[in-house]
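Q: Kindly generate the corresponding structure for this input.
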Amino acid sequence: MLRQEDAPLFGEDDDTINQRKSKIRHPLASFFHLFFRTSAILVYLLCEILSSSFIACMVTIILLLSCDFWTVKNVSGRLLVGLRWWNQVDEDGRSHWVFESRKAQSKNTPSSAESQIFWLGLIVCPIFWIIFVFSTIFSFKIKWLAVVIMGLVLQWANLYGYVRCKVGGKNNLRNMARNYLGVQIFKQAMNRTEEP
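A: Residues are numbered from 1 along each chain as shown. Presented below is the predicted three-dimensional model:
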């Protein structure tokens, strides 16, 4: 079941917030949004050069991925794009997705630069982990498979949650896909009728 709420996010009701003129109003959140993600990728790529201990590398990567998951889900999503999601289990054991978005009339609307940083980091990094999964399988480095799958799962969970939060539930995603396909089919039909 999908539930969407309009709720004030932290800092939204604060009148003492200093509005900066720069495009990036939350540089620390922007930095850590990208820092943990890229650090986990860099440690994975440079692990054999940095340390000969598989366990030390694995623990470092998983800690970085966990810090990234928490930071994106609880801090940078709220500050950079005004979105927040979580999964709640009720007394009956049913799972409910809950989404919050900053009110449109809020004075703390996210800047386009922060939004681009957020979505770029959120989309690009899971692509790297997908590549790492296939490269691990094809190079027969099976001991790394659990690490790269963990990276993919944690990064994909945030991406999935924020896409659903931005677009809405599964019905909205299906409607968007149908509308897009309908528009494409209509354009092709119009192009064919215009050709002699």
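
Q: same for whichever helix in the chain runs longest, what does it pack against?
A: Using DSSP state H, we find that the single longest helix of the chain is helix 112-138. The helices and strands touching helix 112-138, judged by 3 or more C-beta pairs under 8 Å, 6 or more residues apart in numbering; DSSP states H and E, are helix 27-50, helix 145-167. Where you see a C-beta, it was placed from the backbone N, CA and C, and this is true even at glycine.

Q: Can you give the contact residues for the first one?
A: Which is helix 27-50. Here helix 27-50 makes contact (C-beta atoms under 8 Å, 6 or more residues apart in numbering) with 24, 57, 60-61, 64-65, 67-68, 71-72, 75-76, 79-80, 114, 117-118, 121, 125, 128-129, 132, 144, 147-148, 151, 155.

Q: before we move on, back to that, and the longest helix of the chain with helix 27-50, angle?
A: Angle between the axes of helix 112-138 and helix 27-50 is 20 degrees (criterion: axes from the mean of the first three to the mean of the last three C-alpha atoms, to 10 degrees).

Q: and stretch 39-47, which residues are buried?
A: By neighbour count on 16 or more other C-beta atoms under 10 Å, the buried set for stretch 39-47 is 39-41, 43-44, 47.

Q: Repeat that for stretch 78-88.
A: For stretch 78-88, by 16+ other C-beta under 10 Å, it's 78-85.

Q: what kind of secondary structure is the closest residue to residue 157 other than its chain neighbours in?
A: Computed as C-beta to C-beta, 6 or more residues apart in numbering, the closest residue to residue 157 that is not its neighbour in sequence is residue 69, at 7.2 Å. With DSSP: H, G, I helix; E, B strand; the rest coil as the basis, residue 69 sits in helix.

Q: ok, how many other residues are close to residue 69?
A: Neighbourhood size, residue 69 [other C-beta atoms under 10 Å]: 17.

Q: what's the spacing between it and residue 116?
A: 21 Å (C-beta to C-beta, to the nearest Å).

Q: Now do the longest helix of the chain: distance to the chain's middle.
A: Relative to its parent chain, helix 112-138 has a centroid offset of 9 Å by C-alpha atoms, centre = their mean, to the nearest Å.

Q: Nice, that's everything, thank you.
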